[in-house]
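Peer 1: pasting the structure only:
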């Protein structure tokens, strides 16, 4: 009888362990399923975020070809003059030949307006030229903006000639 009680107790433990194991397996499967589902749900959220970043990148103008202008002479202060040539970085899809048909006049006017009467000492320093180039780039972006898309068609201004006397 003692043996039967020990056997029943032992088999009760075995039955209890089997029940515990059988409940443990579905719990593990459920936990893994939730974790995997959460990973994929979080992943799709991240891809939406990166998709928004891709849209922003796609909407930003992409640099394309460069339109160069013949050098222009401008009178500076104190009887000096500046011979300046510029190149305009155009947005992708804009051809320099199309741009030069009538748009060069705006760039020349911008240069004359900004540089006419400028101080030679300011333009001599690297910092002065850098500031001037940034100012001209900002102004060119304002002047050359496509009214339908409201995006700049000129993205940057480079100096190709810069001679003062």
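Peer 2: Right, received. Where do you want to start? Keep in mind that this is a model prediction, so the values were computed, not measured. Residues are numbered from 1 along each chain as shown.
Peer 1: all strands for this protein, in order.
Peer 2: 63-68, 72-75, 81-91, 145-146, 151-152, 154-164 (DSSP state E).
Peer 1: just these: most buried one?
Peer 2: Counting by mean count of other CB atoms under 10 Å, strand 81-91 has the highest mean neighbour count of these, with a mean of 19. Every C-beta, even on glycine, is put in place using the N, C-alpha and C of the backbone.
Peer 1: that one pairs with which strands?
Peer 2: strand 63-68 (antiparallel), strand 72-75 (antiparallel), strand 154-164 (antiparallel) (DSSP bridges).
Peer 1: mean confidence (pLDDT) on the shortest one, please.
Peer 2: Going back to what we said before, that points to strand 72-75. Averaged across strand 72-75, pLDDT comes to 96.
Peer 1: got it, and the longest one?
Peer 2: Averaged across strand 154-164, pLDDT comes to 96.
Peer 1: measure the nearest residue to residue 75 once chain neighbours are set aside to residue 62 for me?
Peer 2: With sequence-adjacent residues excluded and distances taken as CB to CB, 6 or more residues apart in numbering, residue 75 is closest to residue 81, at 5.5 Å. As for residue 81, its distance to residue 62 is 37 Å (criterion: CB to CB, to the nearest Å).
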